[in-house]
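> Could you look at this predicted model? Sequence included:
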Amino acid sequence: MVVYHSSLNGTETEVACGCAILPLKTSIRGPAESAAEGEEDIVDETLGYFKANVLFKHFEVKGAADRTLIYLTLYTTQCLKRLETCPTQTDGVKALTALAHEAFSAPGEPRFALASFFPAGASPAELDLCRAYLKQAREELGRRLALKVYGDNGPPSKLWIAFSKRKFMNKAL
């Protein structure tokens, strides 16, 4: 099996704390530009590559978009852990929205779990931009993940929930 890297690595985009500030298909307000509706964004890539990438212990970073992919992959695992106890889609959406709004460490902060992959920000403004983008991406990823896990408002997919026990690169957020 081959680890999947982001196809957005060559994209000209702003970078904050080593994280690519990529366009998102979302109505959630934040620093990300709106992606074209027909194009795949980083959240689509994360969810599409998740089941394959989560099986790997090593991941070579080939660009800033890969750093964003790594962060969102680890966040997806965290989301799946929360969904283990949510029997309905409504409960799942509430849990993931609450998780997205919880305080979290950003690159350059002492408790950030991925410090070896993300450089610290050059300024407080860069750190704030990175944090705002990651919060926006977390919220959008949670919304889309709930749709995948619960399908047509049924019980949670056991296939998706089974991946909550996997640790991508032996890391957790």
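Thanks, I have it. Treat the numbers as computed from the prediction; the structure is a model and nothing was measured. Numbers count the residues shown, from 1 in each chain.

> measure stretch 96-109 end to end?
23 Å (C-alpha to C-alpha, to the nearest Å).

> Going by neighbour count, list what's buried in that stretch.
Buried residues in stretch 96-109, counted by 16 or more other C-beta atoms under 10 Å: 96, 99-100, 104, 106-108. C-betas here are computed from N, CA, C, even on glycine.

> Just send those residues back as a markdown table, with distance to residue 34 too.
What follows is the buried residues of stretch 96-109, written out as a markdown table (distance: C-beta to C-beta, whole Å):
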| residue | distance to residue 34 |
| --- | --- |
| 96 | 22 |
| 99 | 24 |
| 100 | 19 |
| 104 | 24 |
| 106 | 23 |
| 107 | 24 |
| 108 | 27 |
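
> now, which of those lie within strands?
Among the buried residues of stretch 96-109, no member is found in strands (DSSP state E).

> which one among those gets closest to residue 159?
residue 96 (17.9 Å; C-beta to C-beta).

> could you say which helix or strand contains the closest residue in space to that closest one that isn't next to it in sequence?
Sequence neighbours aside, residue 142 is the residue nearest to residue 96 in space, at 3.3 Å (criterion: C-beta to C-beta, 6 or more residues apart in numbering). According to DSSP states H and E, residue 142 maps onto helix 124-150.

> avg pLDDT for that helix?
Taken as a whole, helix 124-150 has an average pLDDT of 96.

> Buried by neighbour count: which residues of the helix or strand just after that helix qualify?
Next helix or strand after helix 124-150 toward the C-terminus (DSSP H and E): helix 158-162. Neighbour-count burial for helix 158-162 flags 160-161 (criterion: 16+ other C-beta under 10 Å).
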